[in-house]
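Student: only the shape, not the letters, is given here:
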């Protein structure tokens with residue numbers, strides 16, 4: 001039994017079909033801005049919609065069709081970029097979904113606190129700890145001063161008692 005569609009072809013054969021189609025479109029485009037002249041048509045939009053996903057595959061991923069288009073069909077690359085600029089202009093990030101809020105009906109968790117705030121909080125905690133340590137030292141100093149005063153008063157009282165005893169004798 002023979003398979004139907006592209007399932008019967010190897011990867012290399014499918015790549016060659018794509019390259020043949022790109023070459024045909026490139027020859028049809030020639031030196032023109034768009035397929036039918038100076039203004040874009042529906043066919044230009046269809047070509048853009050099929051070629052943009054190929055052209056914009058990230059460079060770190062191997063893609064023989066993207067490499068072929070960039071090397072052999074530079075006019076198609078130009079067409080895709082012109083259509084991108086015409087259709088999306090400054091809104092390309094929205095078109096690619098990079099800035100879209102997907103599933104807006106689902107509540108989002110609060111964003112994590114930026115590192116700067118965390119660092120500021122740590123600094124404030126350290127300041128509070130230092131302040132508390134100073135207060136404790138001052139309390140200890142205050143307590144020792146009070147103890148010294150009490151001792152001095154006791155010594156004075158003892159001296160007075162001794163003087164009184166001496167006077168009585």
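Tutor: Structure received. Just so it is clear, the model here is predicted, and its values are computed rather than measured.

Student: so where do the helices sit in the chain?
Tutor: Counting by DSSP state H, the segments of the chain that form helices are 11-29, 42-55, 64-72, 74-88, 92-96, 115-168.

Student: what mean pLDDT does the fifth one get?
Tutor: Looking at helix 92-96 alone, the average pLDDT works out to 73.

Student: now do the contacts for residue 95.
Tutor: Residues near residue 95 by C-beta atoms under 8 Å, 6 or more residues apart in numbering: 87, 88. In short, each C-beta sits where N, CA and C put it, glycine included.

Student: make a markdown table out of the helices of the chain and add distance to residue 109.
Tutor: Converted to a markdown table, the helices of the chain look like this (distance: least, C-beta to C-beta, whole Å):
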| stretch | distance to residue 109 |
| --- | --- |
| helix 11-29 | 42 |
| helix 42-55 | 31 |
| helix 64-72 | 36 |
| helix 74-88 | 31 |
| helix 92-96 | 23 |
| helix 115-168 | 17 |
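
Student: closest to residue 103 out of these?
Tutor: helix 92-96 (16.1 Å; C-beta to C-beta).

Student: measure how buried residue 42 is and give me the count.
Tutor: The number of residues packed near residue 42 is 9, by other C-beta atoms under 10 Å.
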